[in-house]
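[1] Take this sequence and fold it.
(one chain, ligands or ions: 1)
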Amino acid sequence: MHRSLSALCLTVLLLVAGCSTKRESGSNEKTRPRTPRQDVNVLLITIDTLRADYLGCYGRASIATPNIDALAAGGVRFAQAIAQVPLTAPSHASILTGTYPQVHKVRDMGGFVLDDKVPTLATVLGQDGFETAAFVGSAVLNHYYGLNRGFATYGDEMRAGQDPKKLPGVVAEVRGEVVTQRALQWLDKSASKRFFLWVHYYDPHFPYDPPEPFRTRYQKDPYGGEVAYADAQVGNLLKSLEEHGLRERTLVVLLADHGEGLGDHGEYTHGVFLYDSTVHIPLIFAGPGVPGGRTVSQQVRSIDVMPTVTDYLGLAESDKAQGTSLLPSILEGKPPAGSYCYMETLYPKTQMGWSELRGMRTDDWKYIVAPRPELYKYPDDRGESRNEVGRFRGDAERLRKKVWEIAGSSQSLTRVSPQLVDEQRRRELNALGYVGGGRRAVTIDMSGPDPKDRVAILGALERAAGAMNHDRWNEAVPLLEKISKEDPGNPLIYGYLQMCYERLGQLERMEQTCLRAIDNKAENDTTYAGLGGIYVRRGNLARAVEYMEKAAQINPAGLENMDNLATAYMQLGRANDAERVLRAVLVQDARHPGAHNVLGLLEIQRSRPEEARRHFELAIESNPALAEPYMNLGLLAQNAGQPQVAMNYYREFLKHADPDKYRDYIPKVKEALEELLTAETQRTQRKNQ
Ligand SMILES: [Zn+2]
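    Numbers count the residues shown, from 1 in each chain. Have a look, this model is predicted:
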């Protein structure tokens, strides 16, 4: 009874949702009768941070991109393709679901999870019998965020041992050749079946460090070097497809998730602004039935990709999709049906405390909703340098209304809460006392300064990040101290400063920075986690726990803080609290090495050495570069009377231990190693006598 009632409610909800997400332009001939393509595979290639104008086929001569150029020459190239969000996770969610962020719910980086009711290309093709797999190049697309839904295989293992917190704005990634290799290994096993394969290359993303020979060849333009390297990877992938005899049976779709500022409008990377430097992306379709050498000059959107692929395959389109199929443009060169393109970025608000931005782009205009609105006219002003909002008031008003048709009423501007993990895990976390989300809610009401009035701050932040990326912490500090006074509500500035002082070992200054962030209401979970770390080092565990608990409540997905909190609980003799925190970590990542290390310590406290050993081994298996489990395994082996094993583990510890972090332990381990060595020598001597 209950079940059927809730099923009915769900149906009603879906119908309502279906209405509200109706596409804004729907004159597409989607009912055209077509025979489903029974024997075609789909290969989706997304290249992160790839500006359209860095490709030869989009007019750039100085960077060698022969493979993508050849793909375009043999297929259909969209000259004006636009990303919905200039950020990796939200943009990929739009590509895979054909919906805007209001529908797929991945509104920003970190903590926003794909709505599990929205169909994705993977769920739709998987249901149709395709073998599905994805291989991604960055932790930004980790399965936590739900983009793995529908993929039977989701390769998101990042290089073990890479410290994701090492540099500001830098996350764990794997090079393109590793991604290609993983994809090809999978293809070897699955090539006999019909497949949908998504391959994501992260290489052009900051920091720019192309491998040789690209590093030398593009010394003056390392970003261009990364683009050329990514192109070479695309070449390897397509060549292997050809060798498998699959090229003529595979639809290849290649696009970027967003571009890169490279200094345009005062932005060096991406995410803050909605200018074409970061939203104009390449988009190419090639494969069976796709004519060669066609260019579509009208504007299209990344939300059109999914409806195009399902239309091409003759599958029913997703009831949630807001994009329209580009198949008539591809096959017959007809103008695309969807002429309005919505864009947004919440990143200036979530990271800097500035106003978030929304925009509407057409073939002729771009309008940006900001504290000081902007209007640019195409094609006369492709560089978007002359704000015409005062001159074309009627057009500005029409586009402004269009923005709010997609974004929701401007009266309803409100808060969005990141959903930390998917439904089931969230319930498990709630049960463990982590309600999460609410405290991190972001007010998206256009409050805060206009980002374009803060380009000087943005420039200083970029310079500071550059210095920090080269371990020049002392050089970054004065820059950051200065702008923290000019823009005191900016959480990112305090976050960078906190990191600098931590790296410089200046705990007093680090503490002052965290407290200033709190005073200015610019704190986040990292602020409290940082304060917790300071008090751990000062030996005041009770105070440390207070701060770390606060960080955990704001963001239970901050797993390093959770590990530290568990360790502190354990040292305070609060074993049950420690275990509760560690369970919350494992709900989110069953293989989390830090959690297994602390669980091992707990088992030692409980005098269960075998269980302890298993946890330490699991920790090393997940991350062979993690130092601490080696030391713990060494201790266990020493206690068990296995000096050789213990010595090997101690040596591994000394090989991996950060001299600063393990300042207190390194001499002790060295001492233990010496003693074992001496004992061993004496034993051998006795034996020989
Ligand atoms: Zn990206």
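
[2] Got the domain ranges for this structure?
    Per automatic domain parsing, the structural domains of the chain span 47-337, 423-606, 627-689.

[3] what about the second one, distance to the chain center?
    Here the centre of mass of C-alpha atoms in domain 423-606, compared against the chain's by CA atoms, centre = their mean, to the nearest Å, lies 18 Å away.

[4] which regions of the chain sit below the pLDDT cut-off?
    Across the chain, residues meeting the criterion (pLDDT under 70) sit at 1-36, 110-111, 159-169, 409-430, 432-441.

[5] Next to the ion, which bits of it? Give me the list.
    Proximity of the chain to the ion is confined to 48, 88, 257 under the rule CB under 5 Å from the ion. Every C-beta, even on glycine, is put in place using the N, C-alpha and C of the backbone.

[6] Need the winner for burial among the domains of the chain.
    Comparing the domains of the chain by mean neighbour count (mean count of other CB atoms under 10 Å), domain 47-337 comes out on top with a mean of 21.

[7] so where do the strands sit in the stretch 101-250 of the chain?
    131-135, 153-155, 195-201, 250-256 (DSSP state E, counting those that start in this stretch).

[8] Mind checking those for the one nearest to residue 392?
    When the strands of the stretch 101-250 of the chain are compared by CB to CB, strand 250-256 sits nearest residue 392, at 30.0 Å.

[9] Contacts for the following helix or strand past that closest one, please.
    Once the chain leaves strand 250-256, the next helix or strand it forms, by DSSP states H and E, is helix 276-279. Helix 276-279 is contacted from outside by 51, 82-83, 86, 258-262, 264-265, 267, 270-271, 343, 361, 366, 382, 384, using CB atoms under 8 Å, 6 or more residues apart in numbering.

[10] Tell me the buried residues in stretch 353-370?
    Residues 353-362, 365-370 are the ones in stretch 353-370 that count as buried (16 or more other CB atoms under 10 Å).

[11] Look at whichever residue of the stretch 551-689 of the chain sits closest to the ion and tell me its secondary structure.
    Closest approach of the stretch 551-689 of the chain to the ion (CB to the ion) occurs at residue 557, with a separation of 19.9 Å. Classification of residue 557 using DSSP: H, G, I helix; E, B strand; the rest coil returns coil.

[12] Look up phi and psi at it.
    phi -80, psi 0 (degrees, to the nearest 10).

[13] Please apply the same query to residue 314.
    phi 80, psi 20.

[14] residue closest to the middle of the chain?
    Central residue of the chain (CA atoms, centre = their mean): residue 140, 1.8 Å from the mean position.

[15] just checking, it touches residue 90?
    No - the criterion here is CB atoms under 8 Å, and residue 140 misses it with residue 90 at 10.5 Å.

[16] For the two, list the residues in contact with both.
    Residues within reach of residue 140 and of residue 90 at once, by CB under 8 Å, 6+ apart, are residue 109.

[17] Show me the one of the domains of the chain that comes nearest residue 391.
    Nearest of these to residue 391, taken as CB to CB: domain 423-606 at 18.3 Å.

[18] so where does residue 342 fall, helix or strand?
    Per DSSP H and E: strand 341-345 holds residue 342.

[19] Residue 566 too?
    Assigned by DSSP H and E, residue 566 belongs to helix 559-571.

[20] With only the CA atoms kept, save stretch 643-663 in PDB.
    C-alpha atoms of stretch 643-663 as PDB (Å, rounded to 0.1, in the frame of the first residue of the first chain):
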ATOM      1  CA  PRO A 643      63.600  -8.100  13.100                       C
ATOM      2  CA  GLN A 644      64.300  -8.500   9.400                       C
ATOM      3  CA  VAL A 645      60.700  -7.600   8.500                       C
ATOM      4  CA  ALA A 646      60.700  -4.700  11.000                       C
ATOM      5  CA  MET A 647      63.900  -3.300   9.500                       C
ATOM      6  CA  ASN A 648      62.500  -3.400   6.000                       C
ATOM      7  CA  TYR A 649      59.400  -1.500   7.100                       C
ATOM      8  CA  TYR A 650      61.400   1.100   9.000                       C
ATOM      9  CA  ARG A 651      63.600   1.700   5.900                       C
ATOM     10  CA  GLU A 652      60.400   2.200   3.900                       C
ATOM     11  CA  PHE A 653      59.100   4.600   6.500                       C
ATOM     12  CA  LEU A 654      62.400   6.700   6.300                       C
ATOM     13  CA  LYS A 655      62.200   6.600   2.500                       C
ATOM     14  CA  HIS A 656      58.700   8.100   2.500                       C
ATOM     15  CA  ALA A 657      58.500  10.300   5.600                       C
ATOM     16  CA  ASP A 658      58.200  14.000   5.200                       C
ATOM     17  CA  PRO A 659      61.100  15.400   7.300                       C
ATOM     18  CA  ASP A 660      58.900  18.200   8.700                       C
ATOM     19  CA  LYS A 661      55.700  16.300   9.400                       C
ATOM     20  CA  TYR A 662      57.600  13.400  11.100                       C
ATOM     21  CA  ARG A 663      60.200  15.500  12.800                       C
END
